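Student: sequence plus the predicted model coming up.
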Amino acid sequence: MIGRFGAALCGLAMAMMPAMAFAQAAPSPEAMALAAKFGAREGIESASLSPDGNLLALVVPDGDGQKLVIYNFITGGALHPILANPHPAEKITACRWPTSSRLFCTVVVHSDDLGTLITYTRMIALDADGRKLAVVTPRASSRSLYFGWFGGGVIDWNGARPGQVLMTREFVPELGTDTRSAETREGLGVDSVDVATLVHAMVEAPRPTAAEFISDGLGHVRVMAVEEATNTGYATGKYSYYYRKAGERSWNPLTKFDNSTGVLAKGFEPTAVDPTLDVVYGFDRTGDGHRALFSIKLDGSGTKALVLGRNDVDIDGLVTIGRQRRVVGASYATDRRLVEYFDPALNRLRTALGTALPDAPQIGIIDASADENRLLVLASSDTDPGVIYRLDRTEHKLERVLPMRPELDGMPLAPMTPVSFPARDGTMIPGYLTLPPNGPRTGLPAIVMPHGGPAARDVWGFDWLAQFFAARGFAVLQPNFRGSSGYGAGWFQKNGFQSWRVAIGDVNDAGHWLVSQKIADPAHLAIVGWSYGGYAALQSGVSEPGLFKAIVAVAPVTDLSLLRDEKSRYTSGALVEREIGEGEHVTSGSPALNAGRIAVPVLLFHGDKDINVDIEQSREMESRLRRAGKPVDLVQFKGLDHQLDSAAARTTLLSRSDAFLRANLGL
């Protein structure tokens, strides 16, 4: 038996072994130029139409920061900056118009001031000319613990009175509660907030276990979620929902929702209230395990009805429009994202827009004026990153506003084709194949690119990563392996960690299929992934060494036990623990603990402010690969989070990945 000290000595001996050769090359000028174009941040990060339909608020990139600009349709569409946010650690995630002269914006802040990476939110208000900037969330007094972590969110743009909004508010007990004036209330409540003065009036008293409130779009709170109490400080993931009958104040039991198992949620999850039909819409699973849209009457009868369901894919989105968030449809993804509108007028409009914009078949309504006569529309496709239009339904006028990615305007892009391939057990796995826009279709260098999540799926549409590699001559296959969401409970399995052998087997079989179809040259086959996709890329190198000749992993999970320990510092710790589970898969399914089996070069990228997957995951992977004498390089981005939302960082990621793949695939 080696024992603790013997193991340490063995580790030291391994660390002293010379690393295997690592083929390196500098990015070519052509690759750098393309990387800069595809790595540029999306030109529009948020867009919102004013209630009168005349002004457009846009959050746009500004270096590694952001600007809030106003697009004025009356004056010809000139862009007027009204707010600058130069800090990459702060993100304006959305701005909306409570009135046609006032904006409310949500700001997300990443901080490690307490020694642990945390995220908190603030809501700010400002006039359309940039004046009267203020924080909306109140601070009770100097004794309070600042504003709390959650800065509140608007749940109804029509408040208790005209000129007000309904907004959730986190009540935080004040320090020094021995004084009579100290705030002792705690939990989530709802205020009606005057958008001009920011004066708050309580609508719903705070409850320590309240987790969510849902209004009807007319200024009335109709649904409340209460989380099961615990004395551990961890979220339980178990919720009881309550509702109010129209015009009443008392709460009545509605449904229970359980998201605690780490596998698939159980029960009806309310999402939106329709005051006209007096129902709440929400999602639940049908008998065959697929997610479907249901409604429940709020009149006391509890009548539950299936609104939309399918037996092949999940219904995964509710489509709302305008200031009242009027429910107008639902969405799902087969081989393409589709919307089924319940509103006949919008269904006809969708058809008309499809005729007017035949090259951009993905058409979505982003926002609407108060009367819904002016709509903000985004039209895109696999070869078009998207253009925003304003549609005037009264004048029958479609006005082009701005492209989502101006750097790619006019560049020929590669079509994304839905495909399916057989896994080793015969199951057909859906995915998307993107081939270079010009040139041969066989014998190509190829990349398998598993998605993140794992509770996610790839969908048809523009993908900047796949498009960059296609432009550089690679075939790219994005498999929706078992463990992906969107295909029902049977496809999800026990999730991509507990059922890693099935998920990673499907990923590996994607590579085998590319070779069998002669699309890929087996000597020029690589794998690239981000987040869970990075985990899958590394684990594929463990489970089938040498299949992929080079591995690129961005912000990957590498050690499931380490992930569990990292998340134990957060309220989600118990949920993550259940998602990971217990058993031999925790060791066998951790690529860092099996680094010695990886037989090919590895390139890692990670931001050092990543709250989703701590950078220690990549640092451990790098350390263990080096100790095993394996070729590895880790590129660390200072001050960036999981998304690496920086043009410079993404340009580096793309150009260095391209050079790494070419050098190690012998291209």
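Tutor: Thanks, I have it. Here the structure is a predicted model, which means the values were calculated and not measured. Numbers count the residues shown, from 1 in each chain.

Student: pLDDT value on residue 413, please?
Tutor: Here, the pLDDT recorded for residue 413 equals 96.

Student: measure it to residue 441 for me?
Tutor: Using Cβ to Cβ, to the nearest Å, residue 413 is found at 16 Å from residue 441. For the C-beta atoms, the positions are set from N, CA and C on the backbone; glycine is no exception.

Student: next: residue 362.
Tutor: On the measure of Cβ to Cβ, residue 362 and residue 441 end up 25 Å apart.

Student: of these two, which one has the most company?
Tutor: residue 362 (21 against 11; other Cβ atoms under 10 Å).

Student: ok, now which ones touch that one?
Tutor: Counting by Cβ atoms under 8 Å, 6 or more residues apart in numbering, residue 362 makes contact with 336, 337, 379, 380, 381, 386, 460, 461.

Student: what of residue 83?
Tutor: 67, 68, 92, 105, 126, 130, 133.

Student: quick check: bridge partners of the second one?
Tutor: Assessed by DSSP bridges, residue 68 has beta-bridge partners residue 59, residue 83.

Student: just checking, it touches residue 107?
Tutor: No. Using Cβ atoms under 8 Å, residue 68 is not in contact with residue 107, being 10.6 Å away.

Student: those two: which is more packed in?
Tutor: The residue with more neighbours, out of residue 68 and residue 107, is residue 68; 23 against 20, by other Cβ under 10 Å.

Student: among the contacts of residue 362, name the buried ones.
Tutor: 337, 379, 380, 381, 386, 460, 461 (16 or more other Cβ atoms under 10 Å).

Student: kindly reformat these as TSV containing secondary structure, distance to residue 418 and pLDDT.
Tutor: Listed next are these as TSV, based on DSSP: H, G, I helix; E, B strand; the rest coil; distance: Cβ to Cβ, whole Å; pLDDT from 0 to 100:
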residue	secondary structure	distance to residue 418	pLDDT
337	strand	12	95
379	strand	20	95
380	strand	17	96
381	strand	13	96
386	strand	20	95
460	coil	7	97
461	coil	12	97
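
Student: now render these as TSV, adding distance to residue 235.
Tutor: Listed next are the buried ones among the contacts of residue 362 as TSV, based on distance: Cβ to Cβ, whole Å:
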residue	distance to residue 235
337	30
379	39
380	35
381	39
386	35
460	34
461	32
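
Student: ok, which pair from those is furthest apart?
Tutor: The distance between the two most remote of the buried ones among the contacts of residue 362 (Cβ to Cβ) is 14.5 Å, for 379 and 460.

Student: helices along the chain, start to end?
Tutor: Secondary structure of the chain (DSSP state H): helices at 3-15, 29-39, 344-356, 464-471, 489-492, 500-516, 532-543, 560-567, 573-580, 585-588, 616-627, 647-665.

Student: tell me the helices and strands packed up against the fourth one.
Tutor: So that's helix 464-471. When contacts are defined as 3 or more Cβ pairs under 8 Å, 6 or more residues apart in numbering; DSSP states H and E, helix 464-471 packs onto helix 29-39, strand 428-434, strand 475-479, strand 520-530, helix 647-665.

Student: out of the ones you listed, the one nearest residue 213 is which?
Tutor: Taking Cβ to Cβ, strand 520-530 is the member of those nearest to residue 213, at 34.1 Å.

Student: list the contacts for residue 160?
Tutor: By Cβ under 8 Å, 6+ apart, the contact set of residue 160 is 166, 192, 201, 203, 219.

Student: for it, what are phi and psi?
Tutor: Residue 160 adopts backbone torsions of phi -60, psi -30, taken as degrees, to the nearest 10.

Student: ok, now how distant is it from residue 197?
Tutor: Distance from residue 160 to residue 197, counting by Cβ to Cβ: 14 Å.

Student: run a quick neighbour tally on residue 247.
Tutor: When neighbours are counted by other Cβ under 10 Å, residue 247 registers 6.

Student: cool, and residue 556?
Tutor: Residues near residue 556, counting by other Cβ under 10 Å, number 29.

Student: isn't it up against residue 622?
Tutor: No. With contact defined as Cβ under 8 Å, residue 556 does not reach residue 622; the gap is 11.0 Å.

Student: report the set of residues contacting both of these two.
Tutor: By Cβ under 8 Å, 6+ apart, the residues touching both residue 556 and residue 622 are residue 604.

Student: would you agree residue 318 is in contact with residue 271?
Tutor: Yes. Between residue 318 and residue 271 there is a contact under Cβ under 8 Å: 5.2 Å.

Student: ok, the two, which is more surrounded?
Tutor: residue 318 (19 against 16).

Student: quickly list what the more buried one is bridged to.
Tutor: Applying DSSP bridges, one finds that residue 318 bridges with residue 330.

Student: distance of it relative to residue 188?
Tutor: Taking Cβ to Cβ, one finds residue 318 at 22 Å from residue 188.

Student: likewise for residue 259?
Tutor: Counting by Cβ to Cβ - residue 259 and residue 188 are separated by 18 Å.

Student: the more surrounded of those two?
Tutor: Per other Cβ under 10 Å, whichever of residue 259 and residue 188 has more neighbours is residue 188, with 24 against 17.

Student: quick check: that one touching residue 211?
Tutor: Yes. Look at residue 188 against residue 211 with Cβ under 8 Å: they come within range, at 6.8 Å.

Student: what's the overlap in contacts for these two?
Tutor: Applying Cβ under 8 Å, 6+ apart, one finds that no residue jointly contacts residue 188 and residue 211.

Student: what residues sit buried inside stretch 550-566?
Tutor: Going by neighbour count (16+ other Cβ under 10 Å), the buried part of stretch 550-566 is 550-560, 562-564, 566.

Student: in those residues, find the pair that's most separated.
Tutor: 550 and 564 (29.5 Å).

Student: what about residue 578, how many residues close to it?
Tutor: Neighbour number of residue 578 under other Cβ under 10 Å is 16.

Student: surely it and residue 261 touch.
Tutor: Yes. If you go by Cβ under 8 Å, residue 578 and residue 261 touch, sitting 6.1 Å apart.

Student: can you pull out the strands in the stretch 201-350 of the chain?
Tutor: Here the stretch 201-350 of the chain has its strands, by DSSP state E, counting those that start in this stretch, at 210-215, 221-227, 238-243, 252-258, 266-267, 269-274, 279-285, 291-297, 304-308, 315-321, 326-333, 337-341.

Student: flag the shaky bits of the stretch 1-150 of the chain, pLDDT-wise.
Tutor: For the stretch 1-150 of the chain, the stretches flagged by pLDDT under 70 are 1-22, 113-114, 138-149.

Student: can you put the strands of the stretch 201-350 of the chain in JSON lines and add distance to residue 502?
Tutor: Compiled in JSON lines, the strands of the stretch 201-350 of the chain are given as follows (distance: least, Cβ to Cβ, whole Å):
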{"stretch": "strand 210-215", "distance to residue 502": "33"}
{"stretch": "strand 221-227", "distance to residue 502": "32"}
{"stretch": "strand 238-243", "distance to residue 502": "28"}
{"stretch": "strand 252-258", "distance to residue 502": "24"}
{"stretch": "strand 266-267", "distance to residue 502": "22"}
{"stretch": "strand 269-274", "distance to residue 502": "26"}
{"stretch": "strand 279-285", "distance to residue 502": "20"}
{"stretch": "strand 291-297", "distance to residue 502": "20"}
{"stretch": "strand 304-308", "distance to residue 502": "29"}
{"stretch": "strand 315-321", "distance to residue 502": "22"}
{"stretch": "strand 326-333", "distance to residue 502": "21"}
{"stretch": "strand 337-341", "distance to residue 502": "25"}
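
Student: what about those, which gets the closest to residue 34?
Tutor: When these are compared by Cβ to Cβ, strand 337-341 sits nearest residue 34, at 26.8 Å.
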